[in-house]
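1. What shape does this take:
(one chain, ligands or ions: 2)
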Amino acid sequence: MVYILGIESSCDDTAAAITGDTKILANIIANQEVHKNFGGVVPEWASRAHQQNIIPVVETAIRQANINKNEITAIAFTRGPGLLGSLLVGTSFAKAFALGLGIPLIEVDHMQAHVLAHFIQKGPNTKKLPSFPFLCLTVSGGHSQIVLVKDYFEMEVIGRTIDDAAGEAFDKAAKIMGLPYPGGPVIDQLAKEGNHLAYTFAVPNIKDLDYSFSGLKTSFLYFLRDQLKLDSSFIEKNKADLSASIQHAIVTSLIKKVKFAAKQTGIREIAVSGGVSANSYLQKKLTEAGTEENWNVYIPEFSFTTDNAGMIAVAGYFKYCKGEFAKQDAVPYSRSH
Ligand code: KG4
Ligand code: ZN
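-> Residues are numbered from 1 along each chain as shown. Ligands and ions are numbered 1, 2, ... in the order given. Sure thing, here's the model as predicted:
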């Protein structure tokens, strides 16, 4: 059995996980409450919180996996993309621990790991896995991509956002409504009680497989500004309908391009990953599209949608199998390359 300790600290979640081959044995996350009322992540606070959380999170993961630290085969860490100060904490910890234990170090790209989250096994190996090549709609707070996945590490981004990411669109819409950060899950919940046809918000149509969400945010902002002039409690009264309508606009735009991509490539293996893949309406609409279009649709289990270290550990496992190791002088990178 190959035991990988995965470390994730690219944004505001400090996470550690242990896998035994592709099976998850522990998946621990310390969320940072400190950003809640600021409408976004405060990078300086994120780094400090990572520094406080990293050791307890790793200790808990090892304990929960019921292994001894000397049994760990290798340590995988997120090298990027993400906030540099945050990445430095996980990277430095992983290097020091690997050196101390005398075991190999493996660097993992956060976005590739979101895709590879589909290969994490939880129970007995009965889960149906996507087969290569597949398309993966990877939607998080920092990225919105359609990825053509040819093999574990052979991925081509065939569509991307030209401005805001889908998660960012959710978070900014929530902020405009005065809802806490991160806004995606809050909008998802509120939308369940609302009518998605109550208001129409158009998403600009960008060429090819690319996305754009910044115009949507602006039209939402101006619409609310005008309504608030007429009725100062407009948002409070219509929170559910507003959430359902903005969510409908974002999800419709996401699915439209996935349909284009499937047509263009002829691929019918369709996966979704990243924090926004936790969205219940996106999951529903993608499943419906799958039935219409005759796709096999793959949705990760909830705990592997938003940032987690299980995906880092499993990506580390596949790299370990290829013998791809990192050097002690590997430095984090903030942007995808
Ligand atoms: O993948 P992730 O945890 O972190 C990044 O790599 O960015 O994604 C976080 C994003 C946030 O923008 C958050 O609002 C969004 O995922 N998100 C959701 C939901 N859960 C998380 N968006 C919509 N509906 C959800 N249920
Ligand atoms: Zn992420």
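2. Which helix or strand contains residue 218?
-> Counting by DSSP states H and E, the element that carries residue 218 is helix 214-230.
3. I'd like the mean pLDDT over that helix, please.
-> Helix 214-230 shows a mean pLDDT of 96.
4. ditto for stretch 165-173
-> Mean pLDDT, computed over stretch 165-173, is 97.
5. what's the distance between the residue in the stretch 1-150 of the chain that ligand 1 sits nearest to and residue 152?
-> Closest to ligand 1 within the stretch 1-150 of the chain is residue 141: 2.9 Å, counting by C-beta to the nearest ligand atom. Quick note: C-beta positions are derived from backbone N, CA and C, even for glycine. Using C-beta to C-beta, to the nearest Å, residue 141 is found at 24 Å from residue 152.
6. Next: residue 112.
-> For residue 112, the distance to residue 152 equals 8 Å [C-beta to C-beta].
7. Next, show the common contact partners of those two.
-> Both residue 112 and residue 152 are contacted by residue 315, under the criterion C-beta atoms under 8 Å, 6 or more residues apart in numbering.
8. Have a look at these two and say which one is more surrounded.
-> More crowded of residue 112 and residue 152, by other C-beta atoms under 10 Å: residue 112, with 21 against 18.
9. Which strand or helix spans that one?
-> If you go by DSSP H and E, residue 112 is part of helix 110-116.
10. what's in contact with that helix?
-> With contacts defined as C-beta under 8 Å, 6+ apart, helix 110-116 is touched by 8, 10, 78, 80-82, 136, 138, 140, 143, 145, 147, 149, 152-153, 155, 271, 273-274, 307, 311-312, 314-315, 318, 336.
11. hmm, back to that, give the helix, strand or coil label for the closest residue to the residue of the stretch 1-150 of the chain closest to ligand 1 other than its chain neighbours.
-> Leaving aside its chain neighbours, residue 141 sits nearest to residue 167 (3.7 Å; criterion: C-beta to C-beta, 6 or more residues apart in numbering). Counting by DSSP: H, G, I helix; E, B strand; the rest coil, the backbone at residue 167 sits in helix.
12. Near residue 167, how many other residues are there?
-> By other C-beta under 10 Å, the residues close to residue 167 number 26.
13. OK, contacts around it?
-> Neighbour list for residue 167: 139, 140, 141, 142, 144, 182, 184, 274, 275, 276 [criterion: C-beta under 8 Å, 6+ apart].
14. just those now: which is nearest residue 247?
-> Closest approach between these and residue 247, by C-beta to C-beta: residue 184, at 9.0 Å.
15. Quick check: mean pLDDT of stretch 33-48?
-> 80.
16. Could you measure from the most far-flung residue of the chain relative to its centre over to residue 216?
-> The C-alpha centroid of the chain is most remote from residue 230, which lies 38.2 Å away (C-alpha atoms, centre = their mean). Distance, residue 230 to residue 216, by C-beta to C-beta: 22 Å.
17. Up against ligand 1, what does the chain have?
-> Neighbours of ligand 1 within the chain, by C-beta under 6 Å from any ligand atom: 11, 140-142, 167, 170-171, 182-185, 188, 274-276, 278-279, 306-307.
18. Same list, those, but only the ones touching ligand 2.
-> Under the cut-off given by C-beta under 5 Å from the ion, ligand 2 has 140, 307 from the residues of the chain next to ligand 1 close to it.
19. just the strands in the stretch 201-337 of the chain please.
-> For the stretch 201-337 of the chain, the strands defined by DSSP state E, counting those that start in this stretch occupy 269-273, 296-298.
20. deepest of those, which one?
-> Highest mean neighbour count among the strands of the stretch 201-337 of the chain (mean count of other C-beta atoms under 10 Å): strand 269-273, with a mean of 24.
21. That one pairs with which strands?
-> With DSSP bridges as the test, strand 269-273 is paired with strand 134-139 (parallel), strand 296-298 (parallel).
22. can you list contacts of the first one?
-> Looking back up the chat, that one is strand 134-139. Residues from elsewhere that reach strand 134-139 (C-beta under 8 Å, 6+ apart): 111, 114-115, 118, 130, 144-149, 165-167, 254, 258, 261-262, 265, 267, 269-277, 282, 286, 298.
23. Residue 221: what's it in contact with?
-> Applying C-beta under 8 Å, 6+ apart, the residues near residue 221 are residue 176.
24. Identify the residues contacting the one residue in the stretch 201-337 of the chain that gets nearest to ligand 2.
-> Of all residues in the stretch 201-337 of the chain, residue 307 sits closest to ligand 2, at 4.4 Å by C-beta to the ion. Residue 307 makes contacts with 8, 10, 11, 13, 15, 29, 110, 140, 275, as judged by C-beta under 8 Å, 6+ apart.
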